[in-house]
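Coordinates only, no sequence provided:
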C-alpha cells in the first residue's frame with residue numbers, strides 16, 4: 001500500500017509582478033509615464049530612466065517583440081486596479097430569490113411587515129417569491145389567497161413587476177416578483193380639471209320689450 005501523501009503546510013507561492021530588477025529581457029520597448037514613446041532601449045537604460053523619475057519599470061506586454069514596459073508608480077497603479085476590481089464586484093450583484101411567507105388570513109400589521117421585507121429585497125436587486133401557505137381545509141380558499149397575492153403585487157407595483165402570476169403548487173400558492181426595470185407611469189387619478197372648474201355662465205334673460213301704448 002503506497003504511503004499517504006503528507007499535507008503541504010507551506011504557504012502558496014505568490015506570483016510576483018514583473019517590475020524593475022525582475023525584468024530580464026535585454027531589449028525593451030519603453031513608454032514613459034506621460035505616454036511618450038522612448039523607443040527600444042536596453043534593460044539597464046530603461047531601469048536608469050525609471051530610477052531618475054523615482055518610478056517603477058513595469059512589464060505590460062511580455063509577448064510583444066520586443067516586450068513592452070511602462071514607467072509608472074506601481075504602488076498607485078496596483079491600488080487603483082484593486083479599487084476598480086472591488087467596484088466591479090459590487091456592481092456584479094448576484095440576483096437571489098428571497099421569500100416572504102404568509103397565510104391568507106394575515107392581519108394588516110403582519111402584511112405591512114411582509115411588504116417592508118419585499119421592498120428591501122427588491123431594492124437590493126433580488127427577486128421575491130411570495131408564498132401563501134395553506135393548512136388543513138384552508139386549501140379550499142385558493143381564491144382568497146390569489147386575491148391576497150394580487151393585492152401584494154399592486155402594493156409593490158412601484159418597485160416590482162410580476163414575473164410569474166399567482167399559481168398553486170401543492171399546498172402553497174406562489175407568485176414571483178422581479179425588480180422593476182422601467183419606472184411605473186401612473187395614470188392620473190383624475191383628469192386634468194379643466195372641466196373641474198367649468199363655470200356654467202348663465203346669460204341673463206332678456207326682459208320683454210316695453211309694450212307700446
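The structure has been received and is ready for your questions. The model shown is predicted, which means the values in this text are computed figures rather than measured ones.

could you pull out the strands for the chain?
27-31, 37-42, 56-61, 68-72, 97-102, 127-133, 160-169, 172-179 (DSSP state E).

Dump the ones you listed into CSV; add distance to residue 85 as well.
Backbone N, C-alpha and C define where each C-beta goes, glycine included. Below are the strands of the chain laid out as CSV (distance: least, CB to CB, whole Å):
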stretch, distance to residue 85
strand 27-31, 23
strand 37-42, 29
strand 56-61, 18
strand 68-72, 18
strand 97-102, 27
strand 127-133, 27
strand 160-169, 31
strand 172-179, 25
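
what's in contact with the helix-or-strand element of the chain with minimal mean pLDDT?
In the chain, no helix or strand scores lower on mean pLDDT, DSSP states H and E than helix 74-91, which sits at a mean of 85. Outside helix 74-91, the residues within contact range by CB atoms under 8 Å, 6 or more residues apart in numbering are 17, 19, 55-56, 58.

give me that answer again for 6 Å
Identification of contacts with helix 74-91 by CB atoms under 6 Å, 6 or more residues apart in numbering yields 19, 56, 58.

Also stretch 178-186?
Taking CB under 6 Å, 6+ apart as the rule, stretch 178-186 contacts 122, 125, 127, 157-161, 163.

out of these, what pair is the most spread apart?
Between any two of these, the greatest separation by CB to CB is 17.6 Å, found for 125 and 157.
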